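Asks: Coordinates for the following, if possible.
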Amino acid sequence: MKRNMPGETKVKYKRMSRSKDDFLDIQFEKPPPKFPTKAILLSVVLFVLGSILLVIGSLLMTGYIDAKYGDRTWPVLILGSIMFIPGFYHVRIAYYAYQGYAGYSYDDIPEFE
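Replies: Predicted coordinates:
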């Protein structure tokens, strides 16, 4: 098994044929975007948990849940909002990129590794 040496990368190269032009179309081809599985999974989790917390906070605020838990209303609403907003934003981008809408790509979702 061949090991990569330090500084060596796993880049795939294409051989370009020589022509009379200095520039070739293949130089400007953009590689297909990589599907950010972890980032989309995290955004779905944030979206779902944020939605649940917002619903619970709304029920606390309106009084459908017992008033003895009233002191927890604002922290639940704030935490739900903090989780819901970025989760919804990235789930929406992932959905539009999946559907193929113009201007949306998986490259717009930040990926962490």
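
Asks: end to end, how far does stretch 63-80 reach?
Replies: Stretch 63-80 has an end-to-end distance of 18 Å (criterion: CA to CA, to the nearest Å).

Asks: what comes up buried for that stretch?
Replies: By neighbour count with 16 or more other CB atoms under 10 Å, stretch 63-80 contains the buried residues 65, 73, 76-77, 80. C-beta coordinates here come from the backbone N, C-alpha and C atoms, glycine included.

Asks: Equivalent analysis for stretch 43-50, please.
Replies: Here stretch 43-50 shows 43, 46-47, 50 as buried, counting by 16+ other CB under 10 Å.

Asks: So which of the buried residues of stretch 63-80 sit within helices?
Replies: With helices defined by DSSP state H, the entries of those inside them are 73, 76-77, 80.

Asks: Make CSV out of these and add distance to Lys30 and pLDDT.
Replies: Compiled in CSV, those are given as follows (distance: CB to CB, whole Å; pLDDT from 0 to 100):
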residue, distance to Lys30, pLDDT
Thr73, 48, 87
Val76, 44, 92
Leu77, 42, 94
Gly80, 38, 96
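
Asks: Nearest to Pro33 among the residues you listed?
Replies: Gly80 (30.8 Å; CB to CB).

Asks: Name the nearest residue to that closest one, sequence neighbours excluded.
Replies: Leu53 (3.1 Å; CB to CB, 6 or more residues apart in numbering).

Asks: Which residues are in contact with the one you found?
Replies: 76-77, 79-80, 83-84 (CB atoms under 8 Å, 6 or more residues apart in numbering).

Asks: Can you give me the neighbour number for Phe23?
Replies: Phe23 has 8 neighbours, counted by other CB atoms under 10 Å.

Asks: OK, contacts around it?
Replies: Residues near Phe23 by CB under 8 Å, 6+ apart: none.

Asks: Give me the pLDDT for the residue lying closest to Asp108 once chain neighbours are set aside.
Replies: Leaving aside its sequence neighbours, Asp108 sits nearest to Ile93 (CB to CB, 6+ apart; 5.2 Å). Ile93 is assigned 94 on the pLDDT scale.

Asks: what's the burial count for Ile93?
Replies: So Ile93, with other CB under 10 Å, has 20 neighbours.

Asks: Sounds good, over and out.
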